[in-house]
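Asker: sharing a model prediction with you, sequence too.
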Amino acid sequence: MKKGIIGTLPPVNRLRYKKGDLIIKQGDYGISLYKIISGKVKVYLEDGDRQIPLAVLGPGEILGEVTFLKIGIEPRSASARVLEDAEVEIWHPALLAKEYEQMPTILKYVADQLIKRLVRTNKLMVSLTSQLPGKKEDQQAPEPRTSRRMYYRKKLNLPCYYRPVGAPEKVRLSGTIKNISLTGLGMMVSSRNAINFTHDPGAHFHINAMLEGNREINVTGKVVSLRKARAPGLLFLGISFVGLSEDSRKTLGFFMMP
Amino acid sequence: MAIDRVIYSYVVNEEAYQDQDEIIAEGAKGNWAYLILEGKVKVKKKTAKGIVTIDTLKEGAIFGEMGLFAKGEAMRTASVVADGPVRVGLLDTHRIIKEYEALSPQMRALMRSVIKRLREATNKVTAMVVDLTSPNAADSNER
């Protein structure tokens, strides 16, 4: 089984970041995992105007594991910003999520406890920081947002159609794509859509949308997160692509260019 | 909290401790882990200014697991002390490690990363508690 998963891991994507770039923003949704190949990345908590440094990570270290191990049900718990020009490898979250699900109960239990303790310890750090006399580095004003995340996650408001994998072709549910990247998308749908078809994490959908210039994309994705949208009667789905045709990848690639 | 049967099936031996007994000693070598079956424990770290309690764990919690996936002999990074009478189950280290080793390199890296991150966060929190309890900090930080 394990060999199978590794065997099907797609070629990893690599991204280059410049000093000051934001890789992960606290509060965002996303379960991508990053491995640092070169450079340095600072992980910190945002508490109002304060920044509380958690760690400086270098080559070989992993970023984004907390949200991943909570399977994307909660937003990013910390931000990550590049300290020295960095190259990172992006791991396929969907396949690792599958391995996680199939993992022996004891290992999941241990991972779950570790994460809980880490989150608890980080919270304790926030409350202790507010009691400590200020250190400059801890309480600097937030840096201007020089995020390049837009390069690979674009915000939009695009109507789309989708149907559960396995449902008859005539099934056509509608939604609105709110953001999209080469690895997944965020979609807002009416909660009524979830009455007849499951939208829970793990559900698979075929999604069809028309980008500017009548360029069509067809993707298959898996729900990795589900939450109520701010507006009543709406759900927000985090979807990770599991099937992306070469054409759709190209179309998306062009679309994603800055 | 009821303990999951599958988790309990990893218990190879049960041990009972009295209040204040040290179950794990910081700095000692060892990679086995325990499951709390009944009672509470406190996680403590030695600092220049005395011993600091960094966490309290109760029934259902696992401790000692940070050494499980270490390469070679692991050094205990904190002490675990009984908080009242406590009953713990020693977990089957070999079985857990075997299952861990069957994971993909990515998943293993992920687990190790969380442990490393937790260790760093614990060290930071410990240092902060020491700062807060030092006389200088107390003066400038009246409550």
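Answerer: Structure received. Numbering: from 1, shown residues only, chains lettered A, B, ... in the order given.
Asker: do you know how far residue A:69 is from residue A:103?
Answerer: 11 Å (C-beta to C-beta, to the nearest Å). Using the backbone N, CA and C atoms, a C-beta is placed for each residue, glycine as well.
Asker: then residue B:45?
Answerer: 30 Å.
Asker: which neighbours do residue A:69 and residue A:103 share?
Answerer: Common neighbours of residue A:69 and residue A:103, using C-beta atoms under 8 Å, 6 or more residues apart in numbering or on different chains, are residue A:111.
Asker: the two: which is more packed in?
Answerer: Using other C-beta atoms under 10 Å in any protein chain shown as the criterion, residue A:69 and residue A:103 rank with residue A:69 on top: 23 against 19.
Asker: quick one, what contacts the nearest residue to the more buried one once chain neighbours are set aside?
Answerer: Nearest in space to residue A:69, with sequence neighbours left out and distances taken as C-beta to C-beta, 6 or more residues apart in numbering or on different chains, is residue A:115 at 5.0 Å. For residue A:115, the contacting residues are A:66, A:69-70, B:114, by C-beta under 8 Å, 6+ apart.
Asker: any buried residues in the helix or strand where residue A:115 lies, and which?
Answerer: Assigned by DSSP states H and E, residue A:115 falls within helix A:105-131. Neighbour-count burial for helix A:105-131, counted by 16 or more other C-beta atoms under 10 Å in any protein chain shown, picks out A:106-111, A:113-115, A:117-119, A:121-122, A:124-125, A:128-129.
Asker: so how many other residues sit close to residue A:54?
Answerer: For residue A:54, the neighbour count with other C-beta under 10 Å is 22.
Asker: contacting residues around the host helix or strand of it?
Answerer: According to DSSP H and E, residue A:54 maps onto strand A:50-57. Residues outside strand A:50-57 that contact it (C-beta under 8 Å, 6+ apart): A:36, A:40-46, A:63, A:78, A:80, A:83, A:122, A:125-126, A:129-130, A:137-140, A:142, B:117, B:120-121, B:124.
Asker: out of those, which sit inside helices?
Answerer: Secondary structure defined by DSSP state H assigns A:122, A:125-126, A:129-130, B:117, B:120-121, B:124 of the contacts of strand A:50-57 to helices.
Asker: out of the residues you listed, who's nearest residue B:4?
Answerer: Nearest to residue B:4 out of the ones in helices among the contacts of strand A:50-57 is residue B:117 (C-beta to C-beta; 25.1 Å).
Asker: identify the residues contacting the closest one.
Answerer: Counting by C-beta under 8 Å, 6+ apart, residue B:117 touches A:54-55, A:65-66, A:118.
Asker: what's the farthest-apart pair in the contacts of residue A:115?
Answerer: A:70 and B:114 (11.2 Å).
Asker: can you select the buried ones from the contacts of residue A:115 in PyMOL?
Answerer: Selection of buried members from the contacts of residue A:115 for PyMOL, criterion 16+ other C-beta under 10 Å:
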select buried, (chain A and resi 66+69+70) or (chain B and resi 114)
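Asker: tell me which of the contacts of residue A:115 has the lowest pLDDT.
Answerer: Lowest pLDDT among these: residue A:70, with 74.
Asker: I'd say residue A:155 and residue A:179 touch.
Answerer: Yes - counting by C-beta atoms under 8 Å, residue A:179 is a contact partner of residue A:155 at 5.0 Å.
Asker: between these two, which one's more packed in?
Answerer: More crowded of residue A:155 and residue A:179, by other C-beta under 10 Å: residue A:179, with 20 against 10.
Asker: bridged to the more buried one, which residues?
Answerer: With DSSP bridges as the criterion, residue A:179 is bridged to residue A:155, residue A:186.
Asker: that one contacts residue A:188, doesn't it?
Answerer: No - counting by C-beta under 8 Å, residue A:179 stays clear of residue A:188, with 10.1 Å between them.
Asker: leaving out sequence neighbours, find the closest residue to the residue most central in space within chain A.
Answerer: Nearest to the mean C-alpha position of chain A, by C-alpha atoms, centre = their mean, lies residue A:30 at 1.6 Å. With C-beta to C-beta, 6+ apart as the criterion, residue A:30 has its nearest non-adjacent residue at 6.6 Å, and that residue is residue A:76.
Asker: how is chain A divided into domains?
Answerer: A:3-147, A:154-255 (automatic domain parsing).
Asker: what's the farthest-apart pair in the ones in helices among the contacts of strand A:50-57?
Answerer: Of all the pairs that the ones in helices among the contacts of strand A:50-57 form, the one spanning the most space (C-beta to C-beta) is A:130 and B:117, at 21.5 Å.
Asker: show me where chain B has helices.
Answerer: Along chain B, counting by DSSP H, helices occupy B:5-8, B:93-101, B:105-133, B:135-140.
Asker: understood, closing this out.
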